[in-house]
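Asks: Got a predicted model here, sequence first, then my questions.
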Amino acid sequence: MTTTTLAVLVPLLPFLGAAAGLLLGRTSPGFVRPLAVLPPLASLVLAVTVAVRQGGGQAIDAHTELTPTGSVPIELALHIDGFAALVAVLVGVVATCVQIYSTGYLRDDPRYPSYAALVSLFTSAMLLVVYSGDLMVLLVGWEIMGICSYFLVGHYWETPEARAASLKAFLVTKLGDVPFLIGLFALATDAGSFRITSVLGTVASGGLHHPTLVALLLLAGVAGKSALFPLHTWLPDAMAGPTPVSALIHAATMVAAGIYFVARLLPVFHASSAAMVVLAVMAGVTMAGSGLAALAQDDIKRVLAYSTIGQLGYMAGALAVGDRGAAVFHLLAHGAFKALLFLAAGVVIHASGTNSLAVMSRMKGLRNRVPDAYWTMTVALLALAAIPPFSGFFSKEAVLGAAEHVATGHTEHAPGAAGWIVLITGMVTAVLTAAYATRLWLLAFHGQGTEAPDHGRQPVTMTAVLWVLAVPSLAFGLTYGPLPGWFDGRDLTPVLTTSVLGTGLALVGVVITYGAWRHTTAMALRVPLGAVAAHPDADAGLVEAEAIASHEPAFGDVAYVPDPADPGRLLLGPLHRHAAVGFHLDAVYHALFVRPVQAGAQLVRFLDREVVDTYVRGAGALPRWLGAAVRRAQTGNVQTYVSALLAGTVVLVVAAVVVATGA
């Protein structure tokens, strides 16, 4: 079988699995789990085969015209280079792990068949984005992911949080997709084709007429899809969905799509220095802001959500300094350890009955209840904090090293300003990342107080995949040596200066956070868990726990402890309450966009009711009045009709005589 045929089957198999799951989910429930697991597993095997055959060498290209358009053609095209081959393997690994994990996590969920089918469709859409060589076909996968995220984030639609989160995710990403679509059309108009190779050829020959405008339009869509500032606000709220969905969205699909798109079309952005600086600013604000916000979150999943935003900022920063090899390297490493973090968090939520770190900090011995989650999450957090020799160290160092090269003028791939922005904010974020990773680990697994509940061992389908993902989280970073050809031949060997600075800053973050935790633990009020009331500003920490663990008793009924042993409060000080709500960006957007739209809608409603409806009612009233007048003449008395006829005749005769006399 040819490589092209295998590549076509990679996104097709999960799509067929999704279709079969939707059709057979209710009538043949016994087929649901095999249909959920086997198609992505087969797709993974084929993706690995395609990657081996591609070998990081010459890109595989194939195309056929879908339909004549009379102008710019739309083609079913494949373009598989080293980046595409590796990202497809990542998608297959994470999707397969998520589907296996979900068989245990949602084992009692009545809507599991539709959930599993949507996850498969989500996977298929991302694989289409990865392999597509045509921008319009890529857009199809891009938009399918958007609608799948709407349904999956809103899986627990009985809760208002899930309904609001799904709608917010859909609307915010669509806000970016509108200029993104315009940018695609402008790009194709200049290139005369939607084919990615044709577009890149046009850029290389200087045929792109408005590079800055096109790049900025495309960046709007990328900001929405990959949760970059200022369109990142949907991602923390998306935690209202099931935890496996969070792992899929955050690690290998939706948020990775925007970064992958920029990496695929990086020469388009290189054509505009202004666009590169804008991307660097977006990356810097995203990194630093999300790090501060993560340090103040109580919900364990929201900590990881802001962590994802920060790591996406690193990837965008690598692209802003013109190094797509470092960006994709970090995308792959992050995909492994972030999927592990979310899936391990799901095990912790199942065991503790809560999402709240404050509540977990009052549980003694939780790590002994979930040893698999404890050890694998420790590995993933070390990778997140970029502690050597874990994978995050090598991939994050590749980003910082690339920024240092640009900032110090050793390369002209990007403006020097972009290099300095990414380098400085990246170093600051290294401290923050290590701080919130340490805080999460201490609060979740080293609590003191009431003994943690014992619900027995978690299903093996949930714990086994944790160890599978722990392997790349530990060892993937070492691939920078044997696989340079997969990353444009880029030498990803750590640079001494940034390695020492980055690791030193990370260790500073760990030590300071540990010291703050010891201090706050000693000073914290010993308030019994059951006696603590929920704080009005608390996150909805029990939303998912209550939805997924109806078969398990929840531990307590609060989501927030007013005075926990939380080092984040001590470290952030007065900034804590602002960081906890994402620096009020939601409130700003509500004031700038939601309220004006609502006011406009009320004005339209008033005009429709008081003005337009008045004319409509008047137009209906006039015939009604005329009809009433005519109806009064219809008495039903024959004598009256004859009298009126005679009177009319007399009037006509008199009128005729008067006219004749006058004439």
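Replies: Arrived safely. Note that the structure is predicted; figures quoted are calculated from it, not measured. Numbers count the residues shown, from 1 in each chain.
Asks: hey, let's count contacts and neighbours off CA atoms from now on
Replies: Fine.
Asks: these two touch, right, residue 503 and residue 386?
Replies: Yes - assessed by C-alpha atoms under 8 Å, residue 503 is found in contact with residue 386 at 7.0 Å.
Asks: list the residues that contact both of the two?
Replies: When contacts are counted by C-alpha atoms under 8 Å, 6 or more residues apart in numbering, residue 503 and residue 386 are jointly contacted by residue 393.
Asks: quick one: which of the two has more around it?
Replies: The neighbour comparison of residue 503 against residue 386 (other C-alpha atoms under 10 Å) goes to residue 386, with 25 against 21.
Asks: Give me the spatial nearest neighbour of residue 319, chain neighbours excluded.
Replies: Spatial nearest neighbour of residue 319, excluding adjacent residues (C-alpha to C-alpha, 6 or more residues apart in numbering): residue 327 at 6.1 Å.
Asks: so who does the spatially most central residue of the chain touch?
Replies: For the chain, the residue nearest the mean C-alpha position is residue 255 (4.6 Å; C-alpha atoms, centre = their mean). Listed by C-alpha under 8 Å, 6+ apart, the contact set of residue 255 reads 225, 226, 227, 249, 312.
Asks: Point me to the helix or strand that includes it.
Replies: For residue 255, the enclosing helix or strand under DSSP states H and E is helix 254-264.
Asks: Following the chain past that helix, name the next helix or strand.
Replies: Sequence-wise, the next helix or strand downstream of helix 254-264 (DSSP H and E) is helix 266-270.
Asks: just checking, what packs against the next helix or strand along the chain from that following helix?
Replies: Later in the chain than helix 266-270, the nearest helix or strand by DSSP H and E is helix 273-294. Counting contacts by 3 or more C-alpha pairs under 8 Å, 6 or more residues apart in numbering; DSSP states H and E, helix 273-294 packs against helix 211-225, helix 266-270, helix 300-320, helix 416-445, helix 576-580.
Asks: what is the orientation angle of the first one with helix 273-294?
Replies: Computed with axes from the mean of the first three to the mean of the last three C-alpha atoms, to 10 degrees, the direction of helix 211-225 lies at 20 degrees from that of helix 273-294.
Asks: follow-up on the earlier one: and the pLDDT at the residue nearest to the centre of the chain?
Replies: Residue 255 carries a pLDDT value of 91.
Asks: hang on, residue 492 packs against residue 326?
Replies: Yes - at 7.2 Å, residue 492 counts as touching residue 326 under the criterion of C-alpha under 8 Å.
Asks: intersection of neighbour lists for the two?
Replies: With C-alpha under 8 Å, 6+ apart as the test, residue 492 and residue 326 both reach residue 398.
Asks: out of these two, which sits in the busier spot?
Replies: Using other C-alpha under 10 Å as the criterion, residue 492 and residue 326 rank with residue 326 on top: 31 against 24.
Asks: What distance do you get for the more buried one to residue 385?
Replies: Computed as C-alpha to C-alpha, to the nearest Å, the residue 326 to residue 385 distance reads 17 Å.
Asks: and the nearest residue to residue 461 once chain neighbours are set aside, what element?
Replies: Among residues not flanking residue 461 along the chain, residue 101 sits closest, at 5.3 Å (C-alpha to C-alpha, 6+ apart). Residue 101 belongs to helix 82-105 when assigned by DSSP H and E.
Asks: picking that back up, would a markdown table of the contacts of residue 255 with distance to residue 53, pLDDT and neighbour count be doable?
Replies: Below are these laid out as a markdown table (distance: C-alpha to C-alpha, whole Å; pLDDT from 0 to 100; neighbours: other C-alpha atoms under 10 Å):
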| residue | distance to residue 53 | pLDDT | neighbour count |
| --- | --- | --- | --- |
| 225 | 31 | 93 | 32 |
| 226 | 30 | 92 | 28 |
| 227 | 33 | 91 | 30 |
| 249 | 28 | 89 | 28 |
| 312 | 29 | 96 | 27 |
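Asks: For residue 486, state which of these is nearest.
Replies: Nearest to residue 486 among those: residue 312, at 20.6 Å, using C-alpha to C-alpha.
Asks: for the protein, what's the longest helix?
Replies: When the chain is parsed with DSSP state H, its longest helix is helix 160-191.
Asks: Report the contact partners of the closest residue to residue 105 other than its chain neighbours.
Replies: The shortest distance from residue 105 to any non-neighbouring residue, by C-alpha to C-alpha, 6+ apart, is to residue 462 (6.8 Å). Neighbouring residues of residue 462 by C-alpha under 8 Å, 6+ apart: 100, 101, 102, 104, 105, 343, 347.
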